[in-house]
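J.: Any chance you can model this:
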Amino acid sequence: MHLMDWNIVGVAETWLTNTVVNNEIEISGYSFARLDRAGRPGGGVCLYYRATLPVTVQPDLKVDGIEAVWISLHHSKQRHLCACMYRPPAESIHYWDRFEQALHQAAVVSPSVTLLGDFNINVSSAATPQLHRFNDAIHSFGLKNLVSVPTRITPRCPIGTTLDLILTSSPATVSYNVIPCTLSDHSAVHARLDLALPSAKHQHSSQRQGTSLTRNMRTIYFPEFRDELANANLSVFQSTSSTDEMWSAWHTKFMRVLDRHAPLKSTSRKASSYPPWSDRELYQLQCRKKRLHRQWLQNKDSTHLYSAFRRARAAARNAYRRKRNEYFQILCAEHSRNPRKLWHILNTVTSRTRQRIEPMCDVEDVATAFSKVVTDNDRPPVLTMPQGPSRPTALSAFQYVRTNSVYRLLRGINAAKATGSDSIPGVLLKCCADIIAPSDAALINASLSRGTVPSAFKLAHVSPL
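T.: From the prediction side, this is the model:
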C-alpha cells in the first residue's frame, strides 16, 4: 500500500471475527473501519484510509443485511461518500430492497457516492440472474458501473466473470484499471477519483471534526473481566521466545479480553462549539434549513420544496450576519477605551491575522529542525559527577524483580492519566494488578537476564510544541 501510494483500500470478504483485535490488522500510516459478519463464518468488509485524509466514518449508514462500511471524504466544502461492500453469492432477490435502502440513506447525506466491492453478480453476461434488478437499483440512484473487464478467472470459467465493481455517481471524475493479484482468484480493481481536496489548513480542521476510537469503560463488569483475564494464561511464555515475542503474546492476550468486554467504538469530534453570538433563534433557523434540504434531496422534482429551502437558507444566513454584527458592535463599545483589545476585535471581524508559520507534519522535517536548533546553539557544559565507589555493570548483577514490587507499582498508577502507546487504560492495570503482576514480573526479569528491552517499551508519543 505504501509502495503504490494508495489513499483508500477496500477489502471485501475479510473473514474477520471478534477474536481478531484491531492492533493485529493495523497498517502504519492508515486508519480503518471494519464490519465483521456475525453469527456465521465468512464475509466481512474492511476499509483502510490514509490517516492524513479528512475522513469521517459513517456508522449511521449501516443497514441490517448489508455488509458495507461507509466513510465520507471532505473536499471543497462538500462530502464524497465512499463504501466497501460485499454481497454473498446466495442472496435472494429481496437483497436489492435492502441495497436500495442503503443507497437512499447515502443519497440523503451526500449526492456524491462511490461504491467498491465484490457484488457476486456477473455484469458482463446478460443471462446473469437478478442482473436487471441490480441495474434498476443503481440507475434509480444515478450510479454507473465502470468495470467492464473480467475480475475473476478460474479453471471452471476461463473467460472470466466481472464481479468486483466500481459504482459511482460521478463517472467523469473516476478512472480505473484492473491489477492481477496472486493472493486471490479475484483481481484488484484500482480507481482514481479526482477531487479538489481542501488546503492544509482545512485538512487540519477536518481531522479535528473526524472520529476517534474510544472505549466505554462503564460496560465492563469487572468480576467477569478479572475472571476471564485470570484464565488467559498471561504468564505462559516460551523459553525460546525473545522479549519482543513475549511482550506481543502478553499484549495480544490482554487486548483480546479487553475487546470482548469494552470494544472500540467511533465517536465524532467537533472542531469548535457554537459561536458566541449564536442563540436559540439562530439554531432553529439552521435546523429548519437542514430539514428542508433533506426533504428536497429526497424529492428534487418538487419546486415548492426547493423554493422553501432557498427562503430558509436566506433567512438563516441573514440572521447569522445580523447577530454577528450586533455581537461585535457591543464588544467594540465595551472596549472603546482599550486600543489593544479593540484592534484585536477589528482584526477578527476583518479576518486580518498575523502571518503564521504552518506546523510541520512530516517526521523528517521535525527531526531536521530539532537537530538544527540543538547544533546551532551552544551546548551546555557537561557536569562532572563526583567519583564514587565503582558499581557492577553486568546485567547479571541486577536482582530479580519481585512480584510484590510490581504489584505496588501497578496499584500506584494514576487512573486519571492518559493511556500510553500500549492502549491499555490505567484503571484496568490498577484494578487487575494482582492478576497481571506475576506475568509483568516474569517479563521484566526475562528482559534483565537477556539484556534486551522490548521494542514497544522504547516508543513514546512526542507532540512538538
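J.: residues contacting residue 86?
T.: 12, 13, 43, 44, 45, 67, 68, 117, 118 (Cβ atoms under 8 Å, 6 or more residues apart in numbering). To be clear about C-beta, it is placed using only N, CA and C from the backbone, and glycine gets the same treatment.
J.: Tabulate these (JSON lines), appending pLDDT, neighbour count and secondary structure.
T.: Output for the contacts of residue 86, formatted as JSON lines (pLDDT from 0 to 100; neighbours: other Cβ atoms under 10 Å; DSSP: H, G, I helix; E, B strand; the rest coil):
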{"residue": "12", "pLDDT": "90", "neighbour count": "24", "secondary structure": "strand"}
{"residue": "13", "pLDDT": "88", "neighbour count": "20", "secondary structure": "coil"}
{"residue": "43", "pLDDT": "89", "neighbour count": "18", "secondary structure": "coil"}
{"residue": "44", "pLDDT": "92", "neighbour count": "21", "secondary structure": "coil"}
{"residue": "45", "pLDDT": "93", "neighbour count": "26", "secondary structure": "strand"}
{"residue": "67", "pLDDT": "94", "neighbour count": "23", "secondary structure": "strand"}
{"residue": "68", "pLDDT": "94", "neighbour count": "22", "secondary structure": "strand"}
{"residue": "117", "pLDDT": "91", "neighbour count": "25", "secondary structure": "strand"}
{"residue": "118", "pLDDT": "91", "neighbour count": "25", "secondary structure": "strand"}
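J.: Which single one of the residues you listed is nearest to residue 449?
T.: For those, the residue nearest residue 449 by Cβ to Cβ is residue 44; the value is 42.4 Å.
J.: Check whether that closest one really touches residue 37, as I assumed.
T.: Yes: contact status for residue 44 versus residue 37: in contact at 4.8 Å, counting by Cβ atoms under 8 Å.
J.: Overlap in contacts, these two.
T.: Contacts common to residue 44 and residue 37, judged by Cβ under 8 Å, 6+ apart, are residue 67.
J.: Spell out which strands sit alongside the one helix or strand residue 46 maps to in the sheet and which way each one runs.
T.: If you go by DSSP states H and E, residue 46 is part of strand 45-50. Strands that pair with strand 45-50, judged by DSSP bridges, come out as strand 8-12 (antiparallel), strand 30-35 (antiparallel).
J.: Now do that strand: distance to the chain's middle.
T.: In terms of Cα atoms, centre = their mean, to the nearest Å, the centre of strand 45-50 is found 9 Å from the chain centre.
J.: Enumerate the positions of that strand that are buried.
T.: By 16 or more other Cβ atoms under 10 Å, the buried positions in strand 45-50 come out as 45, 46, 47, 48, 49, 50.
J.: Now the nearest residue to residue 179 once chain neighbours are set aside, what are its backbone angles?
T.: Of all residues not flanking residue 179 in the chain, residue 188 sits nearest, at 4.4 Å (Cβ to Cβ, 6 or more residues apart in numbering). Backbone torsions of residue 188, given as degrees, to the nearest 10, read phi -80, psi 140.
J.: Distance-wise, check residue 188 relative to residue 6.
T.: Counting by Cβ to Cβ, to the nearest Å, the gap from residue 188 to residue 6 is 10 Å.
J.: out of those two, which sits in the busier spot?
T.: Neighbour tally, residue 188 and residue 6, criterion other Cβ atoms under 10 Å: the higher count belongs to residue 188, 18 against 15.
J.: show me the contacts for residue 424.
T.: 254, 255, 258.
J.: how about TSV for the contacts of residue 86, with distance to residue 178 added?
T.: Converted to TSV, the contacts of residue 86 look like this (distance: Cβ to Cβ, whole Å):
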residue	distance to residue 178
12	15
13	18
43	23
44	23
45	20
67	22
68	22
117	15
118	13
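J.: which among those residues gets closest to residue 348?
T.: Looking across the contacts of residue 86 and measuring by Cβ to Cβ, the closest to residue 348 is residue 68, at 43.6 Å.
J.: Please identify the helix or strand for the closest residue in space to the closest one that isn't next to it in sequence.
T.: Sequence neighbours aside, residue 85 is the residue nearest to residue 68 in space, at 4.2 Å (criterion: Cβ to Cβ, 6+ apart). For residue 85, the host element (DSSP H and E) is strand 78-86.
J.: Okay, angle between that strand and strand 8-12 too, please.
T.: 30 degrees (axes from the mean of the first three to the mean of the last three Cα atoms, to 10 degrees).
J.: follow-up on the earlier one: wait, which of the contacts of residue 424 is closest to residue 139?
T.: residue 255 (45.2 Å).
J.: Now tell me which helix or strand of the chain has the poorest mean pLDDT.
T.: Using mean pLDDT, DSSP states H and E, the weakest-scoring helix or strand in the chain turns out to be helix 200-208, at a mean of 42.
J.: so where is this structure shaky, pLDDT-wise?
T.: Where the chain drops to pLDDT under 70, the residues are 1-4, 76-77, 182, 195-212, 237-240, 266-274, 349-364, 366-367, 369-398, 463-465.
J.: what domains does the record give for it?
T.: Listed by automatic domain parsing, the domain ranges of the chain are 8-208, 217-264+395-459, 280-349.
J.: So which of those domains is nearest residue 365?
T.: So among the domains of the chain, domain 8-208 is nearest, using Cβ to Cβ, at 13.0 Å.
J.: chain center to the closest one, what's the gap?
T.: Counting by Cα atoms, centre = their mean, domain 8-208 comes out at 16 Å from the chain centroid.
J.: Run through the helices of the stretch 301-450 of the chain in chain order.
T.: In the stretch 301-450 of the chain, the helices defined using DSSP state H, counting those that start in this stretch lie at 303-334, 339-349, 363-376, 403-411, 426-431, 433-450.
J.: Turn those helices into TSV, including distance to residue 417.
T.: TSV is the format used below for the helices of the stretch 301-450 of the chain (distance: least, Cβ to Cβ, whole Å):
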stretch	distance to residue 417
helix 303-334	39
helix 339-349	36
helix 363-376	25
helix 403-411	13
helix 426-431	6
helix 433-450	15
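J.: All set now, cheers.
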